[in-house]
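> Everything below, folded, please.
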Amino acid sequence: MEYDFKTFTFGSGAHRRREDGMCVMEAVAYIAGEPHTDHPECACPVISAFMRRWNDAIRDDDLRRALVGQFVFRLPGTKATTEIEDRRRWMAVDWCTREAAPEFLTLTPKLQVHAAVLRELPPINAENWQASRKVLSVVLRAARRVRDERWGKYPEAAAEAAEAAVEVVAEAAAEVV
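This next block holds a predicted model:
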């Protein structure tokens, strides 16, 4: 069976067989000629973990195809040395913490100060991870409080997006560290 990944609908979650659909990383395994899996041997495990989470977090099929589909042919061959993958891990944790999560936090006015706190953290690495993690815990609690308040004219979705962003950072970092 041939797949056209420009029109293909990537599903969320793992699939038992290719015929049942594929997430982005299952498509990478297919392109690389590997057995059906969402953990292909040919791809960097750090990038793969990020792509699986991103694939599953996007609820709109057209948006998922547009965002993750472009990477299907780029990911085979990204597996690297342990040293390179460690650098990628810390780069991903740093980017998620100091750039991605703050963008979502700014969607909710009550959380904008928390976004600024995350942006002002020093670049995250193995040496300062524990201190950064404490800051993330405080921000996550604040995002949950705002969500639970269901306050004012601001959409609940913004607070939920902020909370989800910080949770993804915390979960991804836990996998990495």
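
> Quick one: distance of stretch 125-140 to the chain centre.
What separates the centre of stretch 125-140 from the centre of its chain is 18 Å, taken as C-alpha atoms, centre = their mean, to the nearest Å.

> Show me what the mean pLDDT comes to for it.
Summarised as a single mean, pLDDT over stretch 125-140 is 86.

> where does this structure dip in pLDDT?
1-9, 147-177 (pLDDT under 70).

> which residues in it form helices?
Taking DSSP state H as the test, the helices found in the chain are 24-31, 45-57, 61-68, 82-95, 101-105, 112-119, 129-149, 156-176.

> And the second one, what does it pack against?
Meaning helix 45-57. The contact analysis (3 or more C-beta pairs under 8 Å, 6 or more residues apart in numbering; DSSP states H and E) places helix 45-57 against helix 24-31, helix 61-68, helix 82-95, helix 156-176. In short, each C-beta sits where N, CA and C put it, glycine included.

> buried sites along it?
45-52, 55-56 (16 or more other C-beta atoms under 10 Å).

> hmm, back to that, now distance to Ala14 too, for the helices of the chain, in CSV please.
Listed next are the helices of the chain as CSV, based on distance: least, C-beta to C-beta, whole Å:
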stretch, distance to Ala14
helix 24-31, 7
helix 45-57, 9
helix 61-68, 15
helix 82-95, 21
helix 101-105, 26
helix 112-119, 31
helix 129-149, 27
helix 156-176, 16
